[in-house]
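Asker: Sequence plus the predicted model coming up.
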Amino acid sequence: MRFLYPMLCRRFTTSGLVCILSLGLEVHAQMPGPSAAAMQLKVQSAQKSAAAIHASILGAARAGKRIVAVGDYGTILLSDDDGKTFRQSVSVPVSSTLTAVSFADDKNGWAVGHWGAILNTVDAGEHWHIQRMDTKEDRPLFSVYFFDGQEGIAVGLWSIVLATRDGGKTWDPISLPTPPNGGKADRNLFKIFASDQGSLFVAAERGTILSSDDRGRTWHYIQTDYKGSFWSGIGLKEGPLLVAGLRGTIYRSTDDGRNWQAINSGTKSSITDIVEMGGKVVAVGLDGVQVESEDQGASFTWTQRDDRLSMTAAIGGSGTALVRFSKKGVVSATLPGAVANN
């Protein structure tokens, strides 16, 4: 089985998952379990380093006015000036890759990543502790979403869905139904997000979107006419939903996910993250591409960095500023040398 995902650029085991920088990953049906030495390495605390700001960053969220970003080697960066400067968290108990982060309020947050790790903070990201970690196999979690300080959902590799109703003290697996075309529920689930009506959605591979209207207890599949992977998604404040992924693909729904329409992004570069800020929808992606919409995702224009730096995540800063992240860390607040394409 093959799948595409922009963030997993590393070797899990010699015969396990091997990442090609062009984003193709091979998943072998029989993955050998991690050695004791490998697991001991992954549960070591993240190292403090002046170079942490240049680590690959894969996800970001707001804890009140603070920006919290997570990435390679257990790196967690904090900014209290809208992304102008960053520093590392005081303590992070793992050195494995973290892929996503979500905050329920300005203090309580959760980060997820490789080895099924789920970390929790109660002080806006200064200190973290492990709530869950799978020592039997490296089955990464790719996204996490919290409704409030008690209820949350995490999703990831091979249709794994975990739910907590007690702030993460316990995480219970949720079984997905058989896909519409039969076979196992083995789709890789990349980004979980909510609509303004309270429905949950997951952007997944094979042109699949999953939906839940009972806070993640049960799910059903929405199959689009797209065959590739959706890597990101967002529920806009005024109602429309967007998912995006491979080759600049964007799909939009105006009826809380019941129907989806392909939208021309103007680019073939894959999109890794979507944010809403300053009355605009902004998406970032590979090859230094950034696409923007002023009509809630009904149409887009795009720009591209001269250096073609691939961007992996973004979050709104103050006003109309956008804070971007890449495989080389925090990106400058400006977009030098951008070429507009309308």
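Answerer: Perfect, thanks for sending it. Fair warning: this is a prediction, and the values are worked out from it, not measured in the lab. Residues are numbered from 1 along each chain as shown.
Asker: Number of residues surrounding the residue lying closest to residue 242 once chain neighbours are set aside?
Answerer: Nearest in space to residue 242, with sequence neighbours left out and distances taken as C-beta to C-beta, 6 or more residues apart in numbering, is residue 297 at 4.7 Å. Using the backbone N, CA and C atoms, a C-beta is placed for each residue, glycine as well. Neighbour count of residue 297, defined by other C-beta atoms under 10 Å: 26.
Asker: Backbone torsions only: list them for residue 297.
Answerer: Dihedral angles of residue 297 (phi, psi; degrees, to the nearest 10) stand at phi 80, psi 10.
Asker: so what's it up against?
Answerer: By C-beta atoms under 8 Å, 6 or more residues apart in numbering, the residues touching residue 297 are 236, 240, 242, 250, 252, 263, 281.
Asker: Adding secondary structure and pLDDT, write the residues you listed out as CSV.
Answerer: Output for the contacts of residue 297, formatted as CSV (DSSP: H, G, I helix; E, B strand; the rest coil; pLDDT from 0 to 100):
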residue, secondary structure, pLDDT
236, coil, 95
240, coil, 96
242, strand, 98
250, strand, 98
252, strand, 98
263, strand, 98
281, strand, 96
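Asker: out of these, which one sits closest to residue 288?
Answerer: Lowest distance from residue 288 to those (C-beta to C-beta) belongs to residue 250, with 17.7 Å.
Asker: Out of the contacts of residue 297, which is nearest to residue 53?
Answerer: residue 281 (27.2 Å).
Asker: Dig out what the closest one forms beta bridges with.
Answerer: residue 276, residue 293 (DSSP bridges).
Asker: What are the neighbouring residues in contact with it?
Answerer: By C-beta under 8 Å, 6+ apart, the contact set of residue 281 is 234, 236, 242, 274-275, 292-293, 296-297, 300.
Asker: which of those residues count as buried?
Answerer: Among the contacts of residue 281, those classed as buried by 16 or more other C-beta atoms under 10 Å are 234, 236, 242, 274-275, 293, 296-297, 300.
Asker: doesn't residue 288 make contact with residue 310?
Answerer: Yes - counting by C-beta atoms under 8 Å, residue 310 does reach residue 288; the two are 6.9 Å apart.
Asker: Adding distance to residue 208 as columns, could you present the buried ones among the contacts of residue 281 in a markdown table?
Answerer: What follows is the buried ones among the contacts of residue 281, written out as a markdown table (distance: C-beta to C-beta, whole Å):
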| residue | distance to residue 208 |
| --- | --- |
| 234 | 17 |
| 236 | 21 |
| 242 | 15 |
| 274 | 18 |
| 275 | 23 |
| 293 | 23 |
| 296 | 23 |
| 297 | 20 |
| 300 | 23 |
